[in-house]
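Enquirer: what shape does this take:
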Amino acid sequence: MKKLSNPFLVYGYESPEYFCDREAETAQLISDLNNGWNITLFSPRRMGKTGLIKNVFYRLQHEAKDAVCIYVDIFGTNDLSDFVQTFGTAILTAMLSKGEKALRRAMQFFAAWRPVVSMDPMTGEPSVSVTLESRDSTVDLKQIFDLMKDSGKQIYVAIDEFQQIMSYPEKGVEAQLRSYIQFLHNAHFIFSGSKRHLMADIFLSPNRPFFQSTRLMELQAIDEAPYYTFASRFFRQQGHQLDKDVFHYVYNVLEGHTWYVQSVLKQLYADGEDVVTERQADEAIRQLVQDNNAYYETIFSLLPEKQQKLLDAIAHEGHVSAPNSGQFIARYRLTSASSVSSSLKSLTDKELVYKSPAGYQVYDRFFGLWLSRR
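Expert: Residues are numbered from 1 along each chain as shown. Next comes the predicted model:
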């Protein structure tokens, strides 16, 4: 197993050595999948859903070498045809990893597809790109599930940003998927998403096809104690110290939000020094926020004035449980409750603000700090 020059990953997954904690969540997901459950996994973006899924798949494939684990991100899809193309490519790539025989079997199903197999110049791993000649996405979707059903293999599929299917122009996509999945006994699914209200609508609304068809898991921040144990180990291996109080400061400022904590730790580790003062942590955060200054300036400048004022107010408060309250409106000289409601909806739709259990807050933690420290 290769050693990383900087162990604090902010993208991708390497191995359990570089994956922090989530022992309970990993064990629960593996148990649920092995016992025939499909799972709905949701949390804000950058909390670590993808890393958790990859960690679960890593463990599953070590337990059963012949298991097929398929991760597909559908965030960039706009319709059913895009979904079929993205999903089909993931299936073909998975079959390629199982050898020529499995790939030939897959190609028998996908007669209307033209695959191009190439080698990734960075990793040396084979990859598949496909062109879909058929124009009947419903038929192609059925072929994908027929292949999975007839493969004779145990298959685990994670579909990330699953709420994207709600934006497809075609009607009945949820019903189609549900009709295939419910009879696919050798395959189990993780439906992952970052828009809590949309995921809840799909899986908790009685009039929707996926109603009560999965077990739910809402991913929370990693607990501070195991996170510190994980982080300090790498600093010790480097020959340096990560002071516990300084880590506590970073964790609290960023509320344990995984990607942002990892980013700060990555910056501090790269400095190659003992980390013993909050000033060092503040400087790392300041640098990371400053790196995005032009982007934040652009995003903020494009907002209407009312949305700017509300976003700025939320950033200064940290969390706002009652944005329509007279007290909040008066404190930040906002116009009216109806105006706040309209602006809040727009900011939420743009994913600049989201609603957490503690109230509304700026989605991007570094953007929130940029706003509050201006």
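
Enquirer: strands of the stretch 201-350 of the chain, start to end?
Expert: In the stretch 201-350 of the chain, the segments counted as strands under DSSP state E, counting those that start in this stretch are 215-218.

Enquirer: give me the number of residues near Gly36?
Expert: A count of neighbours around Gly36, defined by other CB atoms under 10 Å, yields 8. All C-beta atoms are positioned from the backbone trio N, CA, C, and that covers glycine.

Enquirer: check which helix or strand covers it.
Expert: Using DSSP states H and E, Gly36 sits in no helix or strand.

Enquirer: apart from its chain neighbours, what residue comes closest to it?
Expert: Nearest residue to Gly36, sequence neighbours excluded (CB to CB, 6 or more residues apart in numbering): His188, at 6.7 Å.

Enquirer: in the strand or helix carrying the one you found, which of the residues would be classed as buried?
Expert: Per DSSP H and E: His188 is located in strand 187-193. Across strand 187-193, burial judged by 16 or more other CB atoms under 10 Å covers 187-193.

Enquirer: of all those, which two lie farthest apart?
Expert: Put simply, by CB to CB the two of the buried residues of strand 187-193 set farthest apart are Ala187 and Gly193, 19.2 Å from each other.

Enquirer: follow-up on the earlier one: just the closest of the buried residues of strand 187-193 to Asp312, please.
Expert: Of all the buried residues of strand 187-193, Gly193 has the smallest distance to Asp312: 28.5 Å, by CB to CB.

Enquirer: report the buried residues of the longest helix belonging to the chain.
Expert: With secondary structure taken from DSSP state H, the chain has its longest helix at helix 80-97. Neighbour-count burial for helix 80-97 flags 80-81, 83-96 (criterion: 16+ other CB under 10 Å).

Enquirer: same question, stretch 156-176
Expert: Here stretch 156-176 shows 156-165, 168, 173-174, 176 as buried, counting by 16+ other CB under 10 Å.

Enquirer: what of stretch 143-155?
Expert: Result for stretch 143-155 [16+ other CB under 10 Å]: buried residues 143-145, 147-148, 151, 153-155.

Enquirer: right, and the pair among those residues with maximum separation?
Expert: In terms of CB to CB, the buried residues of stretch 143-155 reach their longest pairwise distance at Gln143 and Gln154, which sit 20.1 Å apart.

Enquirer: what about the nearest residue to Phe300 once chain neighbours are set aside, how many neighbours?
Expert: Excluding the flanking residues, the one nearest Phe300 by CB to CB, 6+ apart is Gln308, at 6.3 Å. Per other CB under 10 Å, the neighbour tally for Gln308 reads 16.

Enquirer: repeat for Arg233
Expert: By the measure other CB under 10 Å, the count of residues near Arg233 is 13.

Enquirer: all helices for the stretch 201-350 of the chain, in order.
Expert: Under the criterion DSSP state H, counting those that start in this stretch, the stretch 201-350 of the chain carries helices at the ranges 224-237, 244-253, 258-271, 278-291, 293-301, 305-317, 326-331, 337-349.
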